[in-house]
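[1] need coordinates for the following:
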Amino acid sequence: MAIDAKAKARKAAGEDVINFGAGEPDFPTPDHIVEAAIAACRDERNHHYTPAAGLPDLRAAIAKKTARDSGYAVEPAQVLVANGGKHALYNTFATLLDPGDEVLVPVPYWTTYPEAIGLAGGVPVFIPTDEASRYKVSVEQLEAARTPKTKILLFVSPSNPSGAVYGRDEIEAIGQWAVDNGLWVVTDEIYEHLVYDHHVFHSMPVVVPALADTCVVINGVAKTYAMTGWRVGWMIAPTDVIKAATNLQSQSTSNVSNVAQRAALAAVSGGLEDVAMMREAFDRRRRRMHELLNQAPGVVCPEPEGAFYAFPSFKGVLGREIRGRAADTTMELAEILLDEALVAIVPGEAFGADGYARLSYALSDSDAEEGVTRIIKILSE
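    Next up, the predicted model:
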C-alpha cells in the first residue's frame with residue numbers, strides 16, 4: 001500500500017508512472033450490467049431493506065451459475081451474498097474459528113487472508129512455496145504442518161498473487177487429505193474464469209464430493225465481470241454455516257446494496273462473452289510479460305497459469321547496488337524502481353514471500369511492455 005500510494009501521488013503530479021500494482025481488471029463493467037443497475041435505481045423495491053443473506057433472486061442465480069461454471073450443485077439456501085469477497089472471507093472465518101484454531105495458509109498469500117483469520121482469533125500457519133514448485137503446496141507439506149489445533153485449510157486456485165493453477169489430480173489429493181483428517185477447506189474461486197493454455201479450473205468440492213459438508217466456497221463478481229467497485233461477493237457453505245454467517249452479517253452490515261445486487265444478478269445470469277474478451281487480452285499480455293521478465297538480469301519468472309499476475313523471483317537481483325542504492329530486499333528494490341524508473345511493483349513482503357514481487361498484467365499492452373522494458377534497462381546497468 002505504501003508503494004501504491006507513492007506511485008499514485010507521483011502519477012497525480014504528472015509523472016509517467018507505470019503501475020503494475022492493480023488487482024483489478026482494466027476494463028469497464030459490461031454495459032448490460034450497468035443498465036441493470038440504472039433500472040434498479042428507479043425501482044422502488046430497491047429503496048428499502050431486503051433480506052440480510054441477499055436478494056432471493058440473486059441467491060438462486062448464484063446457485064445456478066455455480067452449477068453451470070464449476071459443476072457444483074448447491075441450493076440457494078447455501079448462498080450468502082456479502083459486501084465483496086473480503087467480507088465473505090471475514091464472515092467465513094468469524095463463523096468457523098474459535099480462538100487458537102489454526103488455519104494452513106500456503107505462501108505466497110493474498111494479504112487479507114492472515115488478517116481475516118487473526119481478526120477471528122485464529123492462527124495462520126504459513127507453508128512456503130517457491131518458483132521450483134510453481135508456487136504449489138504438497139500434501140506432504142500440509143501433513144507436516146498439521147497439528148491437533150488445525151481446523152481449516154485455505155486453498156486458492158487460480159492464485160493471487162502467484163498465478164498458479166492446481167491440476168485435478170493435485171486438487172483431489174489435497175481435498176481427500178482434508179477429508180481424511182477432518183479439516184474444513186475454505187476455497188477462494190474468485191479467478192475461476194481466468195485460466196490459460198491447457199490449464200483448467202476445478203472446484204475442490206466437485207473433485208472431492210465427500211468434502212461438501214466441510215467446505216466453504218468464496219466467489220464474487222469482481223474479477224470475472226470487471227466489477228471490483230460494486231462490492232458483491234458470496235460464500236457457499238452448508239446451511240448451518242450460512243445461517244450463522246447470516247446472523248453475523250445482519251448485525252454488521254445487513255443487506256448488500258440492492259442496486260449492486262441487481263447488477264450482480266444481471267452479471268451472473270448473463271453470458272460469458274465479455275469475460276472471454278477480457279481473458280483473451282490478459283492472455284496476450286501474460287505471454288509477453290513472461291517473455292520480457294525472463295530477459296531481465298537476475299529475474300526468474302514462471303509462466304503464470306491463471307488470474308492476471310506474474311510473480312517473478314528477484315533473488316538474483318538482491319544484494320547489489322542499483323544507481324548507488326542498496327537493493328537488499330524487494331521492498332527496497334520496489335522503491336528504487338519507482339524512484340528511478342517510474343515503475344511500481346508490489347514487493348513480495350506483502351504476500352509473505354521476501355525476494356519476490358507481484359506484477360499485474362491488468363493494464364494496457366503498451367504500458368505492460370514499456371514498464372517491463374524499463375525494469376530490464378535499469379537492472380542491466
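
[2] which parts of the stretch 101-250 of the chain are strands?
    Along the stretch 101-250 of the chain, counting by DSSP state E, counting those that start in this stretch, strands occupy 102-107, 123-128, 150-156, 184-188, 215-220, 233-236.

[3] looking at those strands, which is nearest to L58?
    With distances scored as CB to CB, the stretch of those nearest to L58 is strand 233-236 (8.6 Å). From N, CA and C alone the C-beta is placed, and that goes for glycine too.

[4] buried residues of stretch 181-195, list them for me.
    Using 16 or more other CB atoms under 10 Å as the test for burial, stretch 181-195 gives 183-195.

[5] for G175, find the nearest of the strands of the stretch 101-250 of the chain.
    strand 184-188 (6.8 Å).

[6] pLDDT of that closest one, averaged?
    In this model, strand 184-188 has an average pLDDT of 98.

[7] tell me which strands and helices it is in contact with?
    helix 84-96, strand 150-156, helix 168-180, helix 204-207, strand 215-220 (3 or more CB pairs under 8 Å, 6 or more residues apart in numbering; DSSP states H and E).

[8] make it 10 Å
    Under the contact criterion of 3 or more CB pairs under 10 Å, 6 or more residues apart in numbering; DSSP states H and E, strand 184-188 touches helix 84-96, strand 102-107, helix 112-119, strand 150-156, helix 168-180, helix 204-207, strand 215-220, strand 233-236.

[9] what's the angle between that strand and helix 84-96?
    Angle, strand 184-188 to helix 84-96, by axes from the mean of the first three to the mean of the last three CA atoms, to 10 degrees: 170 degrees.

[10] report the distance from strand 184-188 to the chain centre.
    13 Å (CA atoms, centre = their mean, to the nearest Å).

[11] only alpha carbons, please: show that strand as CSV.
    Backbone C-alpha positions of strand 184-188 (Å, rounded to 0.1, in the frame of the first residue of the first chain) are rendered in CSV as follows:
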residue,chain,number,x,y,z
TRP,A,184,-12.6,-27.7,6.8
VAL,A,185,-11.5,-26.2,3.5
VAL,A,186,-12.1,-22.6,2.6
THR,A,187,-11.5,-22.4,-1.2
ASP,A,188,-11.3,-19.0,-2.9
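
[12] sheet partners, orientation included, of it?
    Paired neighbours of strand 184-188 in the sheet (DSSP bridges): strand 150-156 (parallel), strand 215-220 (parallel).
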